[in-house]
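Visitor: can't give you the sequence, but here's the structure:
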DNA sequence: GCCAACGTTGGC
DNA sequence: GCCAACGTTGGC
């Protein structure tokens, strides 16, 4: 089909969330098992959200500032970039008075739960994998909360036993 | 346009 | 709680 022939290949991303704020289990329990990935206030991450991320892309759900930190599950993009509503909400912690609704500064996507890994795959395990030698999240000083993952990195991570061999939950 | 000061992120 | 690394701000 023409549409499928012209579709771009599926891409992969890593998105960070502090589990105390919103964990993979929170996502699994959310209405429709989806959530709005909002509140991102970094231009590089914004560009990914606005320009690059598409419906169907794969997401590694990463728990940051956790004990331990690491990959907690898989999600999928269910809605591509749209203006982040929290930027226009005076009562929201991420309100940005400088963002013009006619030309929004900040963007969000929606992601849906796919599966959790048990146990979480800690950073220390990722660091030991040769296939992940140049993975962004493992680089010193890498603070981007939305970052690209290569297909090879995605495959290497998806073969780990923490996924339990389940295709889906 | 430089760059010091500041605030934030996030592993440890 | 520490602190390195980074992004942003604002004075000049």
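Guide: Cool, got the structure. Note that the structure is a prediction, hence the values are computed from the model and not measured.
Visitor: give me the pLDDT for residue A:89.
Guide: Listed pLDDT for residue A:89 reads 86.
Visitor: do you know how far it is from residue A:105?
Guide: 14 Å (C-beta to C-beta, to the nearest Å). Backbone N, C-alpha and C define where each C-beta goes, glycine included.
Visitor: what about the longest strand in chain A?
Guide: Under DSSP state E, the strand in chain A containing the largest number of residues is strand A:107-122.
Visitor: and that strand, which residues are buried?
Guide: A:107-117, A:120-122 (16 or more other C-beta atoms under 10 Å).
Visitor: could you say what helices and strands it packs with?
Guide: In terms of contacts (3 or more C-beta pairs under 8 Å, 6 or more residues apart in numbering; DSSP states H and E), strand A:107-122 is packed against helix A:24-29, strand A:34-37, strand A:58-63, strand A:70-83.
Visitor: show me which helix runs longest in chain A.
Guide: Secondary structure of chain A per DSSP state H: the longest helix is helix A:151-158.
Visitor: for that helix, give me every contacting residue.
Guide: For helix A:151-158, the external contacting residues (C-beta atoms under 8 Å, 6 or more residues apart in numbering) are A:9, A:12, A:58, A:60, A:71, A:74, A:121, A:126, A:129, A:131-132, A:135.
Visitor: in chain A, what residue lies closest to DNA strand C?
Guide: Of all residues in chain A, residue A:141 sits closest to DNA strand C, at 2.1 Å by C-beta to the nearest atom of the strand.
Visitor: the closest residue to DNA strand B within chain A - how many residues pack around it?
Guide: Nearest residue of chain A to DNA strand B: residue A:69, at 3.6 Å (C-beta to the nearest atom of the strand). Counted by other C-beta atoms under 10 Å, the residues lying close to residue A:69 total 19.
Visitor: so who does it touch?
Guide: Going by C-beta under 8 Å, 6+ apart, residue A:69 touches A:62-63, A:122-123.
Visitor: measure it to residue A:84 for me?
Guide: If you go by C-beta to C-beta, the gap between residue A:69 and residue A:84 works out to 25 Å.
Visitor: taking the contacts of residue A:69, tell me the two that lie furthest apart.
Guide: Greatest spatial distance among the contacts of residue A:69 (C-beta to C-beta): A:62 and A:122, at 11.0 Å.
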